[in-house]
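**Q** sequence first, then the predicted structure:
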Amino acid sequence: MIRFVRGAVMTAALLGLSLVATGCWNRIELNELAITSATGIDWDGHNWIVSYQVLIPAAISAGVGTTGGGTPQSPVIVYSTKGKSIREAMMHSYSESPRKLFYAHNRVVILSEEVARRGFNELLDVYFRNSGPRETVSMLVTPGKARRILEQFMQLQIIPGEGMKDIITSEARNSSILPNVPVYQMAMDLTSDAKSGVLPEIFISGTEDTSTLDAFTHTTIPSKLKLGRLAIMREDHMIGWMNRKQSLGVSFLRNEVKQTTIAIPCTDEEGHSGFDTILIQQSSTKLKPKLNEGKLGYTAEVHASGTLSESDCAQNLYKTSVTQKLESSGGQQLQAIIDGAWKQGQQMKTDVFGAAEKAHRKYPKAWKQWSQDWGSVFAEAPLETKVHLRITRMGLSNKSFQYLTEQGQKKGR
Amino acid sequence: MKPEISTLQTVAIVINTITPTALLSIPSVTIGFAANDAWISVLIAAVAGVIIAITIAAICKTNPGFLFIEWMENRFGRIVGMVVGLLLGVYYFNSFCMIVRQFANFIADMVLDETPIVMLIAVMVGVAAFSIAHGIEAVARSAALVMFMVILVIPVSVGLNFDDINLKKLLPFFDAGTSRIGLAAISPIGWLSEISILLILQPYMKNPKSVMKAGIIGSLGSAAQLLIVTVMAVSVFGSEVVRMMSYPLFNMVGIVEVGKFLERIEIYTVSVWGMTMYVKMSVFLFASVHCITYTFRLKSIRHTLFSISLLAIVTTIVTWTRNLELGRFVIVDSIPFLSMFNIILPLCIGFCLLVTRGNNSKKGAQSS
């Protein structure tokens, strides 16, 4: 009898518990969340203006611009809030959004140039202090208002925030001019020995906005989001831009080149001039400090190899001498790109190449003195560049088409 | 019937007793002091840890087979036995509360930020108490299982972070200066000294003679984990950014992005680490209950367990109202606290054992 009562009580308790203790203290359903795909940060002189690009799940699942059955709905909505601090601004979103903002799927954070020039330590703090936003979010700078970038639609990608992240990662992988800089990388760069870092630029190419779905009824859209120059940061704020050529040089010196394409001017025997194009598929750079009579200098040794992807000069590529000439002029071109970037960095007194760390590692004693005024030490340090370019493959044809046509002309004469 | 645990299980318990909380604070503390030389500090601590382990194991070996408190009473008399038992009981109780709070804070920070901390603490203490109610064997078996999971997870995390690891960040060596490297070694030594749990575990071992082996392997295994995490933290993030991270271990896994399909995987590391944390809590609660029960010669372990658990819940809730207070406590105040009970007290016991060696051999012969 006692056993039976005990069993019954236990069963009741179990059933009761399974109702009460479901493992959740509170829960947030998916349809109570406003998922942000991109965040924009602006500064109006006194306040932070934080903009959010929020997904509208129903519109995305329906597919944009679907014909038939109602008007097409925008897949995202953009709005901004203002506050004395970033988190205060975010708090004000509760007064206007029916759903709670959710940052875990945020892909990019756009800083306006104004914010970048003012400094954005607050933003880095927010990312490291709170568990919601992720440190792998990519950072981008825009010359205008960050909010305007969020308002643009994108071709092929329904969610513009996701699209921007795709553009920057694909760019970094395939042309290596601009790096993809996640928040943690920025924090590491700004606290490193050189206390400087870089950010890619995103801008609106074209005068009009592509902020309505109507634009997609045409085969061309009035404007596009595009990656541009390289923003240079020192200490905690932006000090200037580098152009795309210098930016490629920075990538080489930082050893971040995965794949890129360079066009090398060439002339053939006939005096015809054109370009040979090399797809560099592998590259590694060793930046080494050295002391020359007590003065700091650097050597950069680049080992690159690639494929000839286009040839516009009449050359017989079977000849070793031709290939060697091609390699040496390609090497010179790379050397010029790298030296250009180094000079620009020295002019800005900003070491975005990681040179400070290398000096610190190799000459820890001298570093104590250099670190007092690294900017000036760096600005005086000469760079010696050695490029070893190897064209491993000529592609599927061994003679340029130009060569064939010129040969044909010679025969015809 | 005396429960028995194998040597491997002892190693597992030792490792899971030392590393879970140490992994949280060691990277920040050592890197804070010694920057990129933090790994040297951990190595120094590892050597010290092995020496401590050997000392403790040597003391254990002189135990003719009694439970720890009984042994103390037999050897030095009722009063000394009670004092030692009470001191250790209180020490393990305090540490238990500290560990629970640390874990609860972590869970609240990382995932369940809206759940009242009371709930988290109650559940954690409940789970620990539940496993102890099944005896030390249950804890030992789960410790062994958890250790295998850790052994699986570590290479996976290293592999996933492989792209981000840059060992050159460890250069130049000895840049921080000897005094800072030495300072940074104190905290890991404190954590590694928790190996003194062997004093209480050893009588439960199937083969008490192998306590030396278990101690050394356990101590080395724990030090190796600390070393891996410290080296990874420096080589992934450099020595500056780590200082502002509360949980660098999880930031490292957090930045893993393999293509577009493998990211945000720190939750797996967190879950495995969470399991080790439960083992640690169980071990400390067990030690506390054990000491207090035998000191006061209480009849029912279960009733002691129940009341100590309740007391622990209350203590944990009211002692540290701010996370920061606990953080300071863990980093600064825990060092004298840990070394007092894990190094000085066992040393005193060892010293007394040496002094009274002559008259004990008779006593031991009588009682055994």
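**A** In hand now; what should we look at? Numbers count the residues shown, from 1 in each chain, chains lettered A, B, ... in the order given.
**Q** what sits against residue 29?
**A** Answering for chain A, as no chain was given. Contacts for residue A:29 (CB atoms under 8 Å, 6 or more residues apart in numbering or on different chains) come out as none. Backbone N, C-alpha and C define where each C-beta goes, glycine included.
**Q** nope, chain B please
**A** Counting by CB under 8 Å, 6+ apart, residue B:29 touches B:184, B:187, B:331.
**Q** show me where the stretch 151-300 of chain A has its strands.
**A** Here the stretch 151-300 of chain A has its strands, by DSSP state E, counting those that start in this stretch, at A:196-205, A:224-234, A:237-242, A:260-267, A:273-292, A:295-311.
**Q** again, but for the stretch 1-150 of chain A
**A** Using DSSP E, counting those that start in this stretch, strands in the stretch 1-150 of chain A cover A:33-43, A:48-55, A:76-83, A:100-102, A:108-112, A:138-142.
**Q** would you turn those strands into a markdown table with mean pLDDT?
**A** Formatted as a markdown table, those follow (pLDDT from 0 to 100):
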| stretch | mean pLDDT |
| --- | --- |
| strand A:33-43 | 92 |
| strand A:48-55 | 93 |
| strand A:76-83 | 92 |
| strand A:100-102 | 87 |
| strand A:108-112 | 94 |
| strand A:138-142 | 94 |
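**Q** distance to chain B for those strands - can I get that in JSON lines?
**A** Formatted as JSON lines, the entries for these read as follows, by distance: least, CB to the nearest CB, whole Å:
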{"stretch": "strand A:33-43", "distance to chain B": "14"}
{"stretch": "strand A:48-55", "distance to chain B": "17"}
{"stretch": "strand A:76-83", "distance to chain B": "19"}
{"stretch": "strand A:100-102", "distance to chain B": "11"}
{"stretch": "strand A:108-112", "distance to chain B": "14"}
{"stretch": "strand A:138-142", "distance to chain B": "10"}
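**Q** okay if I get the ones you listed as CSV plus distance to residue B:192 and mean neighbour count?
**A** Output for the strands of the stretch 1-150 of chain A, formatted as CSV (distance: least, CB to CB, whole Å; neighbours: other CB atoms under 10 Å in any protein chain shown):
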stretch, distance to residue B:192, mean neighbour count
strand A:33-43, 43, 23
strand A:48-55, 46, 24
strand A:76-83, 47, 18
strand A:100-102, 41, 16
strand A:108-112, 41, 25
strand A:138-142, 40, 27
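**Q** max-length helix in the chain?
**A** Looking at chain A here, since you left the chain open. Longest helix in chain A, counting residues (DSSP state H): helix A:320-347.
**Q** let me rephrase: I mean chain B.
**A** helix B:78-110.
**Q** buried ones in that one?
**A** Neighbour-count burial for helix B:78-110, counted by 16 or more other CB atoms under 10 Å in any protein chain shown, picks out B:81-82, B:84-85, B:88-89, B:91-109.
**Q** ok, and which of the residues you listed reach chain A?
**A** Among the buried residues of helix B:78-110, the ones lying near chain A by CB under 8 Å from any CB of the partner chain are residue B:109.
**Q** which residues of the stretch 251-368 of chain B lie near chain A?
**A** Residues of the stretch 251-368 of chain B lying close to chain A (CB under 8 Å from any CB) are B:251, B:254-255, B:257, B:263-264.
**Q** what about the residues you listed, which are in helices?
**A** Using DSSP H, those in helices are B:251, B:254.
**Q** closest to residue A:35 out of the residues of the stretch 251-368 of chain B next to chain A?
**A** Each of these was checked against residue A:35 using CB to CB; the closest is residue B:264, at 14.2 Å.
**Q** so who does residue B:315 touch?
**A** B:93, B:97 are the contacts of residue B:315 under CB under 8 Å, 6+ apart.
**Q** what is the burial count for residue B:299?
**A** Neighbourhood size, residue B:299 [other CB atoms under 10 Å in any protein chain shown]: 9.
**Q** my guess is residue A:80 contacts residue A:52. True?
**A** Yes - contact status for residue A:80 versus residue A:52: in contact at 7.5 Å, counting by CB atoms under 8 Å.
**Q** give me the common contacts of these two.
**A** Shared contacts of residue A:80 and residue A:52 (CB under 8 Å, 6+ apart): residue A:40.
**Q** so what's whichever residue of the stretch 201-350 of chain A sits closest to chain B closest to, chain neighbours aside?
**A** Closest to chain B within the stretch 201-350 of chain A is residue A:255: 10.6 Å, counting by CB to the nearest CB. Nearest residue to residue A:255, sequence neighbours excluded (CB to CB, 6 or more residues apart in numbering or on different chains): residue A:285, at 4.4 Å.
**Q** give the bridge partners for that neighbour, please.
**A** As for beta bridges, residue A:285 partners with residue A:302 under DSSP bridges.
**Q** and the residue of the stretch 201-350 of chain A closest to chain B, what is it in contact with?
**A** Neighbour list for residue A:255: A:283-287 [criterion: CB under 8 Å, 6+ apart].
**Q** at 10 Å instead, please
**A** Going by CB atoms under 10 Å, 6 or more residues apart in numbering or on different chains, residue A:255 touches A:283-287, A:300, A:302, A:353-354.
**Q** and those, which of them are buried?
**A** A:283, A:285, A:287, A:300, A:302, A:353-354.
**Q** reformat the residues you listed as JSON lines; add distance to residue B:146 and pLDDT.
**A** Shown next, in JSON lines, are these (distance: CB to CB, whole Å; pLDDT from 0 to 100):
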{"residue": "A:283", "distance to residue B:146": "45", "pLDDT": "92"}
{"residue": "A:285", "distance to residue B:146": "44", "pLDDT": "93"}
{"residue": "A:287", "distance to residue B:146": "45", "pLDDT": "92"}
{"residue": "A:300", "distance to residue B:146": "49", "pLDDT": "93"}
{"residue": "A:302", "distance to residue B:146": "48", "pLDDT": "94"}
{"residue": "A:353", "distance to residue B:146": "45", "pLDDT": "92"}
{"residue": "A:354", "distance to residue B:146": "40", "pLDDT": "88"}
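**Q** could you dump these to CSV with distance to residue B:130?
**A** Formatted as CSV, the buried ones among the contacts of residue A:255 follow (distance: CB to CB, whole Å):
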residue, distance to residue B:130
A:283, 58
A:285, 58
A:287, 58
A:300, 62
A:302, 62
A:353, 57
A:354, 53
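**Q** which among these gets closest to residue B:139?
**A** residue A:354 (48.8 Å).
**Q** can you pull the pLDDT of the residue nearest to that closest one when sequence neighbours are not counted?
**A** Once flanking residues are discounted, residue A:354 sits nearest to residue A:254: 6.0 Å by CB to CB, 6+ apart. Per-residue confidence (pLDDT) for residue A:254: 92.
**Q** what of the one 4 residues further on?
**A** Reading off the confidence values, residue A:258 has pLDDT 91.
**Q** my guess is it contacts residue A:280. True?
**A** Yes - between residue A:258 and residue A:280 there is a contact under CB atoms under 10 Å: 9.3 Å.
**Q** shared neighbours of those two, which are they?
**A** The contact sets of residue A:258 and residue A:280 overlap at residue A:176 (CB under 10 Å, 6+ apart).
**Q** between the two, point out the one with more neighbours.
**A** Shown here are residue A:258 and residue A:280; by other CB under 10 Å, residue A:280 has more neighbours (23 against 14).
**Q** who does the more buried one form a beta bridge with?
**A** Taking DSSP bridges, one finds residue A:260, residue A:306 as the beta-bridge partners of residue A:280.
**Q** show me what contacts it?
**A** Residue A:280 is in contact with A:176, A:252, A:257-262, A:302, A:304-307, A:309, A:330, A:334, A:389, A:391, counting by CB under 10 Å, 6+ apart.
**Q** so how far is residue A:252 from it?
**A** For residue A:280, the distance to residue A:252 (CB to CB, to the nearest Å) stands at 10 Å.
**Q** mutual contacts of those two, please.
**A** Residues touching both residue A:280 and residue A:252 by CB under 10 Å, 6+ apart: A:176, A:260, A:302, A:304, A:334.
**Q** neighbour-wise, which of these leads?
**A** residue A:334 (26 neighbours).
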